[in-house]
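J.: here's my sequence, what's the structure:
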Amino acid sequence: MNPVAQQFLTPDAISTYAREIDPSGNSDFAHQLRDLSTDELFEVPITNHDMADCCKSGLLLLHNFLHESHDISQSIHTAEGSWLHAIMHRTEGDFSNAKYWYRRVGDHEAFGDIASGFAPFSFVDQCEKEYQGGALSDVAQQLAFAEWQALFDYCYQNSV
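T.: Residues are numbered from 1 along each chain as shown. As a prediction, this is how the structure comes out:
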């Protein structure tokens, strides 16, 4: 991965992922990430622009730029775009809409890279219960990040 993109994936950069609903985003990366072109994420030529766009949407989502991630993911008419869209709605607390987008994803091959028996609809229900209490548990945060990582890796590998 391009060093420009790698800066957004360091342990310090991702330490706050999924802890709470925070639409303001990670201010440390606000201008850099918003202004980053999709081509700048990759060191080699992009062969699948939808997947590359998913990577940018995923990075925006990782850093809680929900509106910007949504703008990109809703324009990607693939299972991966729908999956990002689902995660974004779950993160913002729109749980029924998240389930709608997970239905559009179907049974994605990358679900197996998250956790054995990953069930997105059950996870949405779990997040809804936990958000009512204020924030996700450590276990739910780990699963949310594992889901994000599996999707991002899948999209990145299929972009080039």
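
J.: from here on, contacts and neighbour counts on C-alpha atoms
T.: OK.

J.: what mean pLDDT does the longest helix seen in the chain get?
T.: Using DSSP state H, we find that the single longest helix of the chain is helix 138-157. When pLDDT is averaged along helix 138-157, the result is 91.

J.: which neighbouring elements make contact with that helix?
T.: Applying 3 or more Cα pairs under 8 Å, 6 or more residues apart in numbering; DSSP states H and E, we find helix 138-157 packed against helix 49-62.

J.: which residues touch the helix it packs on?
T.: Contacts of helix 49-62 with the rest of the structure, by Cα atoms under 8 Å, 6 or more residues apart in numbering, involve 8, 14, 17, 33-34, 38, 41, 46, 66, 68-70, 72-73, 76, 78, 80-81, 84, 88, 148, 152, 155-156, 158-159.

J.: buried subset of the residues you listed, written for ChimeraX?
T.: Buried residues among the contacts of helix 49-62 (16 or more other Cα atoms under 10 Å), as a ChimeraX selection:
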select :8,17,33,38,41,46,66,69,70,72,73,76,80,81,84,88,148,152,155,156,159
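
J.: picking up where we left off before, so what touches the longest helix of the chain?
T.: With Cα under 8 Å, 6+ apart as the test, helix 138-157 has contacts from 17-19, 51-52, 54-55, 58, 62, 80, 110-111, 113-115, 126-127.

J.: and if we set it to 6 Å?
T.: Taking contacts as Cα atoms under 6 Å, 6 or more residues apart in numbering, the residues outside helix 138-157 that touch it are 18, 51, 55, 113, 114.

J.: just the ones of the contacts of helix 49-62 in strands?
T.: Among these, none falls in strands (DSSP state E).

J.: can you tell me the centre-most residue of the protein?
T.: Nearest residue to the geometric centre of the chain (Cα atoms, centre = their mean): residue 58, 4.1 Å.

J.: can you name the two of the contacts of helix 138-157 that sit furthest apart?
T.: 18 and 51 (22.5 Å; Cα to Cα).

J.: rewinding a little: now the angle from the longest helix of the chain to helix 49-62?
T.: Comparing the axes of helix 138-157 and helix 49-62 via axes from the mean of the first three to the mean of the last three Cα atoms, to 10 degrees yields an angle of 150 degrees.
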